[in-house]
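K.L.:
Show me the folded form of this:
(chains A and B)
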Amino acid sequence: KAGVTQTPRYLIKTRGQQVTLSCSPISGHRSVSWYQQTPGQGLQFLFEYFSETQRNKGNFPGRFSGRQFSNSRSEMNVSTLELGDSALYLCASSLGDDKGRNTIYFGEGSWLTVV
Amino acid sequence: AQTVTQSQPEMSVQEAETVTLSCTYDTSESDYYLFWYKQPPSRQMILVIRQEAYKQQNATENRFSVNFQKAAKSFSLKISDSQLGDAAMYFCAFFSYNTDKLIFGTGTRLQVFP
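P.N.:
Residues are numbered from 1 along each chain as shown, chains lettered A, B, ... in the order given. Next comes the predicted model:
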């Protein structure tokens, strides 16, 4: 059974540009969540999608957005990139239902460098 | 608000020895889950072990076991027979249906020496 798959793994963007990261959850998982990992702030929750609806959201500016498709795949978009957005972005998936959403599995992450 | 604290930024252990990583948390909830995740240099977060707060029995997964003290809000990870491949960052995490997200500690870097 394939794990959580994230693309691209590495990318470099310029300040002011936008970026889209993609995530395919484990087969059968309907919830996808995104986390940002930086040396200074650690691991922080961005948002979670379940059945194409945003179910939970962290404390990030509106430049950070996401969506989920009917096949549970998810994309995360960051617009008007700032240097501080350089981070490892981790996607995670879970079954998403009441009993299954408490066990969360992660992908390998997408490394974003903003220059 | 829930918080997770890992007070050991770095730990080291000799191969084949046992090491314990500490984690404390703060919550007013009674129903929650606790996790240990391992993040090797590849940076993928790997689920190591999971504990349900309503279960008194400590979780065990092969060489990994936890000491869950609910009243003390303590959740330590014991790694037995340490292997070189255990070298990684270890994160303690909290989940509840109220927060509906993982709340992580700052991590402990474990080094394993041959």
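K.L.:
My reading is that B:Ser65 lies in a strand. Confirm?
P.N.:
Yes: the assignment for B:Ser65 by DSSP: H, G, I helix; E, B strand; the rest coil puts it in a strand.
K.L.:
Could you tell me how far it is located from A:Trp111?
P.N.:
B:Ser65 is 33 Å from A:Trp111, where distance means CB to CB, to the nearest Å. Where C-beta positions appear, they are placed from N, C-alpha and C, glycine not excepted.
K.L.:
got it, and B:Ala59?
P.N.:
Plainly put, B:Ala59 is 32 Å away from A:Trp111 if you go by CB to CB.
K.L.:
Kindly report the same for B:Glu17.
P.N.:
Separation of B:Glu17 from A:Trp111 (CB to CB): 33 Å.
K.L.:
Could you check which of these two is surrounded by more residues?
P.N.:
Taking other CB atoms under 10 Å in any protein chain shown, B:Glu17 and A:Trp111 do not tie; A:Trp111 has more neighbours (17 against 13).
K.L.:
Distance of the closest residue to that one other than its chain neighbours relative to chain B?
P.N.:
Closest residue to A:Trp111 apart from its sequence neighbours, by CB to CB, 6 or more residues apart in numbering or on different chains: A:Tyr10 at 4.7 Å. To chain B, A:Tyr10 is 11 Å away according to CB to the nearest CB, to the nearest Å.
K.L.:
Might one say that A:Tyr10 is in contact with A:Ser110?
P.N.:
Yes: between A:Tyr10 and A:Ser110 there is a contact at 7.4 Å, judged by CB atoms under 8 Å.
K.L.:
between those two, who's got more neighbours?
P.N.:
When A:Tyr10 and A:Ser110 are compared for neighbours, A:Ser110 comes out ahead with 22 against 9, by other CB under 10 Å.
K.L.:
residues touching the more buried one, list them.
P.N.:
A:Ser110 sits next to A:6-11, A:21, A:88-89, A:91 when contact means CB atoms under 8 Å, 6 or more residues apart in numbering or on different chains.
K.L.:
Kindly report the same for A:Ser51.
P.N.:
A:Ser51 makes contact with A:30, A:68, A:96, according to CB under 8 Å, 6+ apart.
K.L.:
possible to save those as a markdown table with neighbour count, secondary structure and pLDDT?
P.N.:
Listed next are the contacts of A:Ser51 as a markdown table, based on neighbours: other CB atoms under 10 Å in any protein chain shown; DSSP: H, G, I helix; E, B strand; the rest coil; pLDDT from 0 to 100:
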| residue | neighbour count | secondary structure | pLDDT |
| --- | --- | --- | --- |
| A:Arg30 | 18 | coil | 94 |
| A:Gln68 | 23 | strand | 98 |
| A:Gly96 | 21 | coil | 81 |
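K.L.:
quick one: the strands in chain B?
P.N.:
B:3-5, B:10-14, B:19-21, B:24-26, B:33-39, B:46-52, B:60-61, B:64-69, B:74-79, B:88-95, B:103-104, B:108-113 (DSSP state E).
K.L.:
oh, I was asking about chain A
P.N.:
Applying DSSP E to chain A gives strands spanning A:5-7, A:10-13, A:19-24, A:31-38, A:42-50, A:53-57, A:64-68, A:74-78, A:87-94, A:105-106, A:110-114.
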